[in-house]
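A.B. asks: using only what follows, build the 3D model:
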Amino acid sequence: MNIKTKKIAYWLTTTLFALDMALAGVLYLLHAPFLMKAFAHLGYPDYFPNILGVAKVLGACALLAPVPSRLKEWAYAGFGITLISGFVSHLVLGDGLTGTDGFGALAPAMVFALLTASYLTRPAAQRSSRAGMDSRVQGHGSEGALDSSYVVHAPGG
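C.D. replies: Next comes the predicted model:
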């Protein structure tokens, strides 16, 4: 995939994903009746949509805003955990892929695919820097051996 195509794919998938998460977050905060029914069906407490709604809106903002790459990484991880949890919750309850009312495991799986596409096509500048970690790791004859200045010694030793 050339750089231009990758950039287009990134912005398309990221924008669609962030809009989906932001809309879901707002609907959670508004306690949309159809979503409250779905949360009750899954056995989640009534306050859970409030927590998840705030997290989804903030995470969507983090993906679209010029914030440090570490924050974007946390947003991707949080969304991934949330979507996998939704997928598993529906399967455990026997909803199957579509469920009886359209809410099933397929929806979080499809959104997870969109999240994955966004993550895999993100620009190198948005990837977390490992410079802090790499500066502490020295070759010293074996790959990844730690510099002795970072070794913790036991008291008296």
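A.B. asks: output the contacting helices and strands for the lengthiest helix in the chain.
C.D. replies: In the chain, assigned by DSSP state H, the helix with the most residues is helix 3-29. Identification of packing neighbours for helix 3-29 by 3 or more CB pairs under 8 Å, 6 or more residues apart in numbering; DSSP states H and E yields helix 33-42, helix 48-64, helix 106-121. All C-beta atoms are positioned from the backbone trio N, CA, C, and that covers glycine.
A.B. asks: one more pass at 6 Å, please.
C.D. replies: Applying 3 or more CB pairs under 6 Å, 6 or more residues apart in numbering; DSSP states H and E, we find helix 3-29 packed against helix 48-64, helix 106-121.
A.B. asks: contacts for stretch 51-63 next, please.
C.D. replies: For stretch 51-63, contacts defined as CB atoms under 6 Å, 6 or more residues apart in numbering pick out 14, 18, 21-22, 24-25, 28-29, 71-72, 75, 78-79.
A.B. asks: let me have those residues in a markdown table, adding neighbour count and pLDDT as columns.
C.D. replies: A markdown table is the format used below for the contacts of stretch 51-63 (neighbours: other CB atoms under 10 Å; pLDDT from 0 to 100):
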| residue | neighbour count | pLDDT |
| --- | --- | --- |
| 14 | 22 | 96 |
| 18 | 24 | 97 |
| 21 | 26 | 97 |
| 22 | 19 | 97 |
| 24 | 20 | 96 |
| 25 | 21 | 97 |
| 28 | 22 | 97 |
| 29 | 15 | 97 |
| 71 | 16 | 94 |
| 72 | 23 | 94 |
| 75 | 24 | 96 |
| 78 | 15 | 97 |
| 79 | 25 | 97 |
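A.B. asks: identify, from those, the entry nearest to residue 98.
C.D. replies: Closest approach between the contacts of stretch 51-63 and residue 98, by CB to CB: residue 24, at 18.0 Å.
A.B. asks: where's that closest one relative to residue 120, distance?
C.D. replies: 22 Å (CB to CB, to the nearest Å).
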